[in-house]
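K.L.:
Sequence and predicted structure, then a few things I'm wondering about:
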Amino acid sequence: MGRSAEGGEPAGDFDVFYRGHFRLVVALVYTLSGSRWSAEELAQEAFFAAHRRWQDIRDYDDPGAWVRRVAVNRAVSRLRRRGAEARALARYAAGRRNLPDAIPPLADDFWSAVRSLPDRQAQVVALHYLEDRPVADIASVLGLAEGTVKAHLHRARQSLAQCFGEAEEGL
Amino acid sequence: MSLDTRARAAATAIHKSVDGIPVQPPDYGKRRRHHVVAATLTVVTLLVASVAILATRDADDSTQVAAGEAGLRPLVPASPPDGFVVDGAFDLPQPTSQVGVQRLYGRAAGRDPFGNGDLSVAAIGSTQSDDDDDGGDGSSLDPTREDTVTLADGTVALYNEGGGRFARSLRWFLPGHGEVTVSSYSLDRGQLIGVADSLDVNPDGTFEVTALPDGYTLVAELPDMTVVSGLGVTPARADAEGHVLVYRPADGSRAAAVTILVVEAGAAEMSAFRWMAGRAVEETEIRGRPALRSVIETGGHPLLHLGWFEAEGVLVEVSTIGLPEADAVEIAESLEPVADDTWHTMRPEFFEPADDSGVVAEGVTETGRWRLTLGSEGSLCVQLRDDLSIGGGCGMNLDTAIEEFGETHLIDPAFLNGVAYGRADRAIRRVVLLLEDGTRMEAPIYGRDVDTVLVAWAVPFPVDNPPQTAIGLDEADNEIARRDL
């Protein structure tokens, strides 16, 4: 079971859904974009997209998967990140910005290595480690076949193990 | 350390880093477009950016120098910071509906009119007569939220403490007129509420403060003012001429930016600059002219503002974030006026997508150009370029991009920065968009076969009049598909 939303709600109400998932999505975007500045901005974009379609999404089995899919795709888009950073800078300058805290160097090294992977591999790794999601969940979030997720995860772990000079452990 | 152990520790660190992020849902309103919201937020938040001092009228006058013929020419540094590229180069005035009134009040201490107290009251969007949904009417604000304040007349306002570096503020929506913001560095929450309760807002959006704190007087009034984008804090009159140049790191690897603003302005705008540039404004000298300087530490990313009169009635502001102060001063000192030809060549170009991408649609807008490219594996890149900047996104898969905004259908629409685009069944030969005001817009199909569908149709739309419905027509102009957007 993946890391649950804070509150474990049935997601029938958007505000409850937002409160339960927002920080988790900010964390996910932060790992994939590497930008403290754009993390909340991009997460907000994803939740705004969800808000627009809430009448449909609220009935999905896992609305959180939908908002994560939007968020991870935006997180790896260079131009989206750039635009989000520009807006975040403006808001930060205005004192209305909430930035994630800087993370320790060891953690930063790990996520930097993740970001150096191909986009899909990075997304799979982030969902796997950050949210403890099993392969089936990750496949649902990303709209991929489970076998594809396994392949991405395997290749990603190989690359990361090589990067850190460690032996890859089994799934 | 094993990979899993390292990964778990890294995950824990990330989760810990976001613990302080508020989880109160924003006021999304009824049905807004993301780009409109973003633009509105940027404008409004920049207006609230606050602080500062203001030299006395005498001091402001002393910062003006004799006018020169090149006074309003664009100013460009001898060389941009290492690794930076032009991100925007545009002229003022820019068309905007976000016009408002700002008044600055203060209690002077020596040459500083805000030395013993400051207050800003701003009403934004007061020229708008329609009650659209972008400002909201405040009724959707939850009065039980921690950051809300219920004013004496029942209005629910959002309160922001300012984080110690920026002004405390109260803002609320004004039905039909936009938003009102009351902010101050020196007044506490209770005093701000007192000012807000004393505010008489007229039906046309103008306002009167009926209970100023003791000793406060009007320092500056800025009617018909708007806010320039970028890091600049100087408000400009809606009809003021000028130029804005923005630099950003070429690879986007760090949060840094440079904004150079040259604008027609007088003492009131300089007062606003001083108030908005930060509480610790100091007098200095730039290019041999009296100038104001402010540095705000923002977690390792110093935000610096320099402002001075380059000539009589010509205010120049150089603002940087993420650069050493010495670099910012060097930029300011090296500014040179450039000719129009040079200025126009500085405007940003399209980001080049992957080599295997082909341009499937492109066109012009009122202020620039747009382009849609598609890679051989469905990688989509939509860009909207104007004098201000490049907008858009790349690296998306068409299906994924569409899924963000609409379910798969005969006409699959998506929005990005003012461009509606999508794909259509092969039977569809034309796509027509019905805009919010009831008018129609043709969205040409640029035919490209992908399995059984055509990719793509695309057209830029006015952001203040977005499409509501996409209609697919066959060869005989019969409607064979319709999608509410």
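P.N.:
Good, I have the coordinates.
K.L.:
Helix or strand with the lowest mean pLDDT in chain A?
P.N.:
Scoring the helices and strands of chain A by mean pLDDT, DSSP states H and E places helix A:78-93 at the bottom, with a mean of 56.
K.L.:
Next secondary structure element downstream of it?
P.N.:
helix A:105-115 (DSSP states H and E).
K.L.:
So what would you say the end-to-end distance of stretch B:7-25 is?
P.N.:
30 Å (CA to CA, to the nearest Å).
K.L.:
Identify the residue of chain B closest to chain A, quick one.
P.N.:
residue B:166 (2.6 Å; CB to the nearest CB). No exception for glycine: its C-beta is placed from N, CA and C like everyone else's.
K.L.:
just checking, what packs against the lengthiest strand in chain B?
P.N.:
Across chain B, the longest stretch assigned as strand under DSSP state E is strand B:217-227. Under the contact definition 3 or more CB pairs under 8 Å, 6 or more residues apart in numbering or on different chains; DSSP states H and E, strand B:217-227 sits against helix B:34-48, strand B:100-106, strand B:235-237, helix B:267-276.
K.L.:
tell me which element the residue nearest the centre of chain A falls in.
P.N.:
For chain A, residue A:28 is the residue whose C-alpha lies nearest the centre (CA atoms, centre = their mean; 2.7 Å). Using DSSP H and E, residue A:28 sits in helix A:14-33.
K.L.:
tell me what that helix is packed against?
P.N.:
Going by 3+ CB pairs under 8 Å, 6+ apart, helix A:14-33 lies up against helix A:36-52, helix A:63-75, helix A:105-115, helix B:3-17.
K.L.:
counting contacts, what elements does the third one pack onto?
P.N.:
Pointing back at helix A:105-115 there. helix A:14-33, helix A:119-125, helix A:146-164, helix B:3-17.
K.L.:
Could you do the first one as well?
P.N.:
Helices and strands touching helix A:36-52, as assessed by 3+ CB pairs under 8 Å, 6+ apart, comprise helix A:14-33, helix A:63-75, helix A:78-93, helix B:34-48, helix B:398-405.
K.L.:
Which one of these has the poorest average confidence?
P.N.:
Among the helices and strands packed on helix A:36-52, helix B:34-48 carries the lowest mean pLDDT, a mean of 29.
K.L.:
what pLDDT does the residue lying closest to residue B:246 once chain neighbours are set aside get?
P.N.:
With sequence-adjacent residues excluded and distances taken as CB to CB, 6 or more residues apart in numbering or on different chains, residue B:246 is closest to residue B:88, at 3.9 Å. The model reports residue B:88 with a pLDDT of 75.
K.L.:
that older thread, tell me which of the helices and strands packed on helix A:14-33 sits nearest to residue A:15.
P.N.:
Closest to residue A:15 of the helices and strands packed on helix A:14-33 is helix A:36-52 (CB to CB; 10.0 Å).
K.L.:
Just the mean pLDDT for the closest one, thanks.
P.N.:
The model assigns helix A:36-52 a mean pLDDT of 81.
K.L.:
Report the angle between that helix and helix A:63-75.
P.N.:
130 degrees (axes from the mean of the first three to the mean of the last three CA atoms, to 10 degrees).
K.L.:
Report the contact partners of the spatially closest residue to residue B:78 that is not a sequence neighbour.
P.N.:
Leaving aside its sequence neighbours, residue B:78 sits nearest to residue B:334 (CB to CB, 6+ apart; 3.9 Å). Contacts for residue B:334 (CB atoms under 8 Å, 6 or more residues apart in numbering or on different chains) come out as B:77, B:78, B:79.
K.L.:
and which of those residues is nearest residue B:238?
P.N.:
Distances from residue B:238 to these, taken by CB to CB, are shortest for residue B:77, at 27.8 Å.
K.L.:
Not counting its neighbours along the chain, what's nearest residue B:338?
P.N.:
residue B:76 (4.9 Å).
K.L.:
what's in contact with stretch A:145-154?
P.N.:
Contacts for stretch A:145-154 (CB under 8 Å, 6+ apart): A:120, A:121, A:124, A:125, A:128, A:135, A:136, A:138, A:139, A:142, A:144, A:171.
K.L.:
ChimeraX command to pick out the buried ones of those?
P.N.:
Applying 16 or more other CB atoms under 10 Å in any protein chain shown to the contacts of stretch A:145-154, the buried members can be selected in ChimeraX as follows:
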select /A:120,121,124,125,128,135,138,139,142,144
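K.L.:
From the contacts of stretch A:145-154, pick out the ones that also neighbour chain B.
P.N.:
Among the contacts of stretch A:145-154, the residues lying close to chain B (CB under 8 Å from any CB of the partner chain) are residue A:125.
K.L.:
Pull the most distant pair out of the contacts of stretch A:145-154.
P.N.:
Among the contacts of stretch A:145-154, A:121 and A:136 lie farthest apart (CB to CB), at 17.9 Å.
K.L.:
Please tell me I have it right and residue B:83 contacts residue B:258.
P.N.:
No - the pair residue B:83 / residue B:258 is not scored as a contact, 11.6 Å apart, by CB atoms under 8 Å.
K.L.:
and these two? which has more neighbours close in?
P.N.:
residue B:258 (27 against 13; other CB atoms under 10 Å in any protein chain shown).
K.L.:
who's in contact with the more buried one?
P.N.:
B:80-81, B:84, B:231, B:246-248, B:318-320, B:323, B:328, B:331 are the contacts of residue B:258 under CB under 8 Å, 6+ apart.
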